[in-house]
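Peer 1: the following block contains a protein sequence and its predicted model.
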Amino acid sequence: MKQILLFLTPWVPFMGILLLSIFISIGVSKFFAYRKKKFPIRNRLIPQLAQLFVAFSILITLILNLPINETTRGQLLSLLGILLTAAIALSSTTFLGNIMAGLMLKALGKIVVGDFLKIEDNFGRVTEQGLLHTEIQTEDRDLTTLPNIYLVTNPVKVIRNSGTLLAVELSLGYDVHHQSIEKALIEAAEKTSLKDPFVQIKELLDHAVVYKAFGFLEDIKILLTKRSEFRSNILDALHTHRIEIVSPNFMNQRVYDSQKEFIPQIKTKKKKVVEVVAEELMFDKADEAVSTEKLKEQLKKLTSEIEELENSSDDKDAESSKNEIQARIDYLKKRCERITALLEE
């Protein structure tokens, strides 16, 4: 019995530190779980880094308190250092590069949640923006993760929230006067409810003239719907003005009269019972992210106002003024509770 006690005695401090470490690890996990439930955290990087730091600290503490000789302890610490150095050396280029790129994007502030973003073949709305990556929701409703270093090293097109110019490019033959074509294209832009429409002649090719029609769209949330509608209205406007839209190399094995025009008949569109806005289906997570960010900003402003009112109420001598301030504080606190409930949902 005495020998067992002698053997276990050096391990008692180690076991105590081990139990304490387990409780600390569980406590950190519980804290971030509660924090996520109370205030939804879009960026998971901070909890992950915190848990990684706690785990590494616990590992170092346990090695330092192992009941072993100094030589063995030094060898274990050296091995841990070599493994850590190798891991950092192998991943530091990409990892640190993405972090620096993420800090650069945050500092510039050019890309925020909810923005339409296009980079090479990727197009969608931003749903999340962290230190390591930026997530976008594409036109097919799927989520695409882009490393921040990819955004920094490639040209990025961000559509401004104040509006954008919709443009449609098409080529038509020399047999139609450009004024007739410009008139039809401007009518199509006006029918699409685009502001300040105009037309440019981009190129004079050997077989056709390249036109580009523009129109200003204020509400970018319906960008894709209006882009498709603009093209549809251009087809209708050209057909209405009896302008053929055929290739210069248009050929058909059937023989037609020289006066034959290849223009489809205009059909009256049936009124749709339910009109579906495509963007609501495509970018639902992006819309949710934007709403969450706005609610968080509103909650922050309300909290600041409550603190200012509470500080100012101490300086007021009149009882009526204090009652008015207290009523305002109670009203703001109720609004904060409602916003918090919405964030929890």
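Peer 2: Arrived safely, thanks for sending.
Peer 1: where does the stretch 101-250 of the chain have low pLDDT?
Peer 2: 247-250 (pLDDT under 70).
Peer 1: and the strands in it, which stretches?
Peer 2: Secondary structure of the stretch 101-250 of the chain (DSSP state E, counting those that start in this stretch): strands at 116-119, 122-129, 133-138, 143-147, 157-159, 164-172, 195-204, 209-217.
Peer 1: can I get those strands in a markdown table including distance to Leu18?
Peer 2: From N, CA and C alone the C-beta is placed, and that goes for glycine too. Below are the strands of the stretch 101-250 of the chain laid out as a markdown table (distance: least, Cβ to Cβ, whole Å):
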| stretch | distance to Leu18 |
| --- | --- |
| strand 116-119 | 48 |
| strand 122-129 | 37 |
| strand 133-138 | 36 |
| strand 143-147 | 37 |
| strand 157-159 | 51 |
| strand 164-172 | 59 |
| strand 195-204 | 69 |
| strand 209-217 | 62 |
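Peer 1: and of these, who's closest to Phe14?
Peer 2: Among the strands of the stretch 101-250 of the chain, the nearest to Phe14 by Cβ to Cβ is strand 133-138 (39.7 Å).
Peer 1: closest one to Lys300 among the strands of the stretch 101-250 of the chain?
Peer 2: Closest approach to Lys300 among the strands of the stretch 101-250 of the chain (Cβ to Cβ): strand 122-129, 17.9 Å.
Peer 1: dump the residue contacts of Asn98.
Peer 2: With contact set as Cβ atoms under 8 Å, 6 or more residues apart in numbering, Asn98 has these partners: Leu131, Leu132, His133, Pro147, Asn148, Ile149.
Peer 1: again, only this time at 6 Å
Peer 2: Applying Cβ atoms under 6 Å, 6 or more residues apart in numbering, we find Asn98 in contact with Leu132, Pro147, Asn148, Ile149.
Peer 1: how close does the first one get to Gln259?
Peer 2: It refers to Leu132. Look at Leu132 and Gln259: by Cβ to Cβ, to the nearest Å, they are 65 Å apart.
Peer 1: higher neighbour count, the two?
Peer 2: Between Leu132 and Gln259, Leu132 has the larger neighbour count (other Cβ atoms under 10 Å), namely 17 against 5.
Peer 1: quick one: the helices in the stretch 51-200 of the chain, in order.
Peer 2: For the stretch 51-200 of the chain, applying DSSP state H, counting those that start in this stretch gives helices covering 70-108, 148-152, 178-191.
Peer 1: most neighbours per residue, which of these?
Peer 2: helix 148-152 (a mean of 20; mean count of other Cβ atoms under 10 Å).
Peer 1: circling back to that earlier point, turn the helices of the stretch 51-200 of the chain into TSV, columns for distance to Ser21.
Peer 2: Listed next are these as TSV, based on distance: least, Cβ to Cβ, whole Å:
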stretch	distance to Ser21
helix 70-108	16
helix 148-152	34
helix 178-191	67
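Peer 1: ok, which of these comes nearest Ser162?
Peer 2: Going by Cβ to Cβ, the one of the helices of the stretch 51-200 of the chain nearest Ser162 is helix 70-108, 17.9 Å.
Peer 1: can you tell me which two in the contacts of Asn98 are farthest apart?
Peer 2: Largest pairwise distance in the contacts of Asn98, by Cβ to Cβ, is 9.2 Å, between Leu132 and Ile149.
Peer 1: dump the strands of the stretch 101-250 of the chain to JSON lines, plus mean neighbour count and distance to Ala101.
Peer 2: Formatted as JSON lines, the strands of the stretch 101-250 of the chain follow (neighbours: other Cβ atoms under 10 Å; distance: least, Cβ to Cβ, whole Å):
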{"stretch": "strand 116-119", "mean neighbour count": "18", "distance to Ala101": "13"}
{"stretch": "strand 122-129", "mean neighbour count": "21", "distance to Ala101": "11"}
{"stretch": "strand 133-138", "mean neighbour count": "21", "distance to Ala101": "9"}
{"stretch": "strand 143-147", "mean neighbour count": "15", "distance to Ala101": "8"}
{"stretch": "strand 157-159", "mean neighbour count": "14", "distance to Ala101": "16"}
{"stretch": "strand 164-172", "mean neighbour count": "16", "distance to Ala101": "25"}
{"stretch": "strand 195-204", "mean neighbour count": "13", "distance to Ala101": "35"}
{"stretch": "strand 209-217", "mean neighbour count": "19", "distance to Ala101": "31"}
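Peer 1: among those, which comes closest to Ile325?
Peer 2: strand 122-129 (38.2 Å).
Peer 1: compute the inter-axis angle for the closest one and strand 133-138.
Peer 2: 130 degrees (axes from the mean of the first three to the mean of the last three Cα atoms, to 10 degrees).
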